[in-house]
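J.: show me the folded form of this:
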Amino acid sequence: MNKAQFIEMLQQEGYPDPVEVKQVPNGSLGEHTHPFAVKALVIDGSIDISIQSNQKTYSVGDVFQLGFEELHSESYGPTGVIYLASRNH
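T.: So this is what the prediction gives:
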């Protein structure tokens, strides 16, 4: 998916405009939650997200989503990751 398609999808689903998030190469965040639901489009690098022992890698053009306060962990590829994230409170 490209940026224009992603923004159109967000608008159709009632999500606000996304913000750009950058994470460092080979970084990680242990298990945590967010007080919002999120939909995000990877625009550079890659991110691994683990939910209940299920890990999935998202790369450029992939969209990932997390539910409100969904417990997860994250790790970032060798070049880090940049993604557009829309947070629905």
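
J.: CA atoms for contacts and neighbours, from now on please.
T.: Fine.

J.: just read off the phi/psi values of Glu20.
T.: Torsion angles at Glu20 (phi, psi; degrees, to the nearest 10) stand at phi -90, psi 130.

J.: need the contact partners of stretch 28-39.
T.: Residues from elsewhere that reach stretch 28-39 (Cα atoms under 8 Å, 6 or more residues apart in numbering): 63-76, 85-89.

J.: quick check, central residue of the chain?
T.: Ala40 (4.0 Å; Cα atoms, centre = their mean).

J.: contacting residues for it?
T.: Pro18, Val63, Phe64, Gln65, Tyr83, Leu84, Ala85, Ser86 are the contacts of Ala40 under Cα under 8 Å, 6+ apart.

J.: weed out the non-buried ones from the contacts of stretch 28-39.
T.: 63-64, 66, 70, 72-76, 85-88 (16 or more other Cα atoms under 10 Å).

J.: export the host helix or strand of Gln65 as CSV, just CAs?
T.: Assigned by DSSP states H and E, Gln65 belongs to strand 63-66. Taking Å, rounded to 0.1, in the frame of the first residue of the first chain, the C-alpha atoms of strand 63-66 are listed here in CSV:
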residue,chain,number,x,y,z
VAL,A,63,0.0,-2.0,7.2
PHE,A,64,-0.2,-3.1,10.8
GLN,A,65,-2.8,-2.4,13.5
LEU,A,66,-3.1,-2.8,17.2
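
J.: which strands and helices sit next to it?
T.: Applying 3 or more Cα pairs under 8 Å, 6 or more residues apart in numbering; DSSP states H and E, we find strand 63-66 packed against strand 37-51.

J.: what mean pLDDT would you report for the following helix or strand past the strand it packs on?
T.: Once the chain leaves strand 37-51, the next helix or strand it forms, by DSSP H and E, is strand 54-59. The pLDDT scores in strand 54-59 average 97.

J.: how about stretch 17-30?
T.: So the average pLDDT for stretch 17-30 ends up being 97.
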